[in-house]
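Enquirer: Task: produce atomic coordinates for the following.
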Amino acid sequence: MVYHQITSEERYTLGVLRQQGFSDAEMARALGRHRSTIGREFRRNHSLFDGAYRPSIAQERTNGRRSRSRRNSHFTTSDWKMIESRLRQDLSPEQISGRLRREELLEISHETIYTHVWRDKKNRGTLFQHLRQPTKRRKRYGTYEKRGHLPGKRHISERPSVVELRREFGHWEIDTMHGKLGTDCVVTLVERASGYTIIGKLPDYTMTALNERVLKLMRSHPRWFKTITADNGTEFHGYRLLEDAGGAIIYFATPYHSWERGTNENTNGLIRQYLPKGKSMEAVTQARCNAIALKLNSRPRKRYDFMTPIERMDELIKRRFKL
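Expert: Numbering: from 1, shown residues only. Okay, here's the model as predicted:
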């Protein structure tokens with residue numbers, strides 16, 4: 001059996017499951033991991049201050065250990081040309097590494113590819129321009145939800161356990177992304193089991209505009225939606241219409257607990273490569289949104305053994321409908 005290290009998305013899931021009181025064995029079954037892997041993750045990455053497990057800190061520690069590990073490898077000019085070609089297709093070093101391994105073309109770590117990119121930049125190359133640029137997020141401490149309250153909404157803790165397992169197609173996370181003007185925005189939907197992404201252009205930041213666009217997207221993909229998990233923005237306060245007309249059950253994450261929708265958060269980061277923060281989205285069309293979604297859905301993903309979301313979705317749909 002080949003050992004695969006815990007991913008960042010799995011760490012956020014572990015954080016949620018641990019808060020809900022799941023045992024190591026139950027968490028291991030939910031993630032399809034061995035119980036000892038989960039125990040080792042908590043031992044290596046728990047807080048020395050209070051013993052708590054925080055996914056973001058755990059990921060930082062893992063990245064630090066990886067950066068301190070040095071492996072000397074030598075690759076040919078043709079190898080680097082193949083890698084650079086894929087970089088220019090906007091694939092990340094990790095995606096390139098995993099896909100080349102899956103296609104049995106080359107064994108190379110993503111750290112080695114990053115080193116090559118930064119060396120190229122130092123020599124005035126442009127490969128770095130194809131990397132996803134990380135964005136800083138403001139941490140919130142000791143705060144509470146100040147946006148409009150909505151009586152009767154379902155909390156994420158009420159969501160069926162099958163959603164956490166990520167083995168069944170049809171469970172989505174939803175969010176909105178804003179441009180420079182604040183009112184120009186898009187809505188993003190990401191399917192949890194496959195990573196398949198749908199992006200819709202919104203004319204404005206209102207509940208009505210969001211419902212109209214999301215219903216149109218849902219109706220163009222019948223039988224794809226079982227549940228949707230949203231944040232607490234007021235644009236989602238018309239969720240009952242989505243339930244009645246679209247047939248999906250809507251759940252809401254805990255305020256300011258972005259890791260509870262980690263798949264959507266990570267995907268929004270990928271979309272920012274094409275729709276940069278601070279730039280207007282006013283001229284963005286639905287056709288442009290579809291093109292960006294197609295690019296993301298065609299990228300290999302580590303989580304699915306470097307299958308693309310389209311390939312993974314096709315596999316899950318065939319399993320669900322026994323095609």
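Enquirer: Name the nearest residue to R312, ignoring sequence neighbours.
Expert: Setting aside the residues directly before and after it, R312 is nearest to S194 in space (C-beta to C-beta, 6 or more residues apart in numbering), at 4.2 Å. The way it works is simple: take the backbone N, C-alpha and C, and place the C-beta from them, glycine included.
Enquirer: so who does that neighbour touch?
Expert: Shown here is S194, whose contacts under the criterion C-beta atoms under 8 Å, 6 or more residues apart in numbering are F169, Y304, P309, R312, M313, L316.
Enquirer: doesn't P309 make contact with the first one?
Expert: No: with contact defined as C-beta atoms under 8 Å, F169 and P309 do not form a contacting pair (11.1 Å).
Enquirer: For E173, grab phi and psi.
Expert: The main-chain torsion angles of E173 are listed as degrees, to the nearest 10 and equal phi -120, psi 140.
Enquirer: I'd like to know how many residues surround it.
Expert: E173 is surrounded by 25 other residues when neighbours are defined as other C-beta atoms under 10 Å.
Enquirer: Report the beta-bridge partners for it.
Expert: With DSSP bridges as the criterion, E173 is bridged to V190, T229.
Enquirer: Next one: it from W259, what distance?
Expert: Counting by C-beta to C-beta, to the nearest Å, the gap between E173 and W259 amounts to 12 Å.
Enquirer: Now for this protein, the helix or strand with the poorest mean pLDDT.
Expert: Taking mean pLDDT, DSSP states H and E as the measure, helix 55-68 is the helix or strand of the chain with the lowest mean score, a mean of 73.
Enquirer: need the next SSE after that helix, C-terminal direction.
Expert: Heading C-terminal from helix 55-68, the first helix or strand you meet, by DSSP states H and E, is helix 77-87.
Enquirer: other SSEs contacting that following helix?
Expert: For helix 77-87, the helices and strands in contact under the criterion 3 or more C-beta pairs under 8 Å, 6 or more residues apart in numbering; DSSP states H and E are helix 93-102, helix 110-122.
Enquirer: let's see 7 Å
Expert: Secondary structure elements in contact with helix 77-87, counted by 3 or more C-beta pairs under 7 Å, 6 or more residues apart in numbering; DSSP states H and E, are helix 93-102.
Enquirer: before we move on, the earlier item: Three-state assignment for the residue nearest to R312, please.
Expert: coil (DSSP: H, G, I helix; E, B strand; the rest coil).
Enquirer: host element of E265?
Expert: Taking DSSP H and E as the criterion, E265 maps to helix 262-271.
Enquirer: which is the next helix or strand following that helix?
Expert: Moving toward the C-terminus from helix 262-271, the next element (DSSP H and E) is helix 286-297.
Enquirer: which parts of that next one are buried?
Expert: Along helix 286-297, these residues count as buried under the neighbour rule (16 or more other C-beta atoms under 10 Å): R288, C289, I292, A293, K295, L296, N297.
Enquirer: Now the third one: closest residue in space, sequence neighbours ignored.
Expert: Which is I292. Take I292 and drop its neighbours on the chain: the residue closest to it by C-beta to C-beta, 6+ apart is Y274, 4.7 Å away.
Enquirer: now that neighbour: how far from I228?
Expert: The value you get for Y274 to I228, if C-beta to C-beta is used, is 23 Å.
Enquirer: go on, E26?
Expert: Look at E26 and I228: by C-beta to C-beta, they are 25 Å apart.
Enquirer: More neighbours: which of the two?
Expert: Each of E26 and I228 has its neighbours counted (other C-beta under 10 Å); I228 has more, 23 against 15.
Enquirer: Can you report how many residues neighbour the nearest residue in space to T62 that is not next to it in sequence?
Expert: Distances taken as C-beta to C-beta, 6+ apart put N45 closest to T62, at 7.0 Å, once the chain neighbours are dropped. Using other C-beta under 10 Å, N45 is surrounded by 20 other residues.
Enquirer: likewise H257?
Expert: For H257, the number of neighbouring residues by other C-beta under 10 Å comes to 17.
Enquirer: if I pick the nearest residue to R301 once chain neighbours are set aside, what's in contact with it?
Expert: Excluding its sequence neighbours, the residue lying closest to R301 (C-beta to C-beta, 6+ apart) is G195, at 5.4 Å. Counting by C-beta atoms under 7 Å, 6 or more residues apart in numbering, G195 touches T263, R301, R303, Y304, P309, R312.
Enquirer: Distance check, G195 against T267.
Expert: Looking at G195 against T267, where the rule is C-beta to C-beta, the gap reads 7 Å.
Enquirer: wait, doesn't A25 sit right on R35?
Expert: Yes: taking contacts as C-beta atoms under 7 Å, A25 lies within contact range of R35: 5.0 Å.
Enquirer: Can you give the domain ranges for the chain?
Expert: Taking automatic domain parsing as the domain assignment, the record places the domains of the chain at 8-68, 77-130, 156-321.
Enquirer: Tell me how many other residues crowd the residue nearest to R166 when sequence neighbours are not counted.
Expert: Excluding its sequence neighbours, the residue lying closest to R166 (C-beta to C-beta, 6+ apart) is A193, at 4.6 Å. Residues within reach of A193, counting by other C-beta under 10 Å, total 24.
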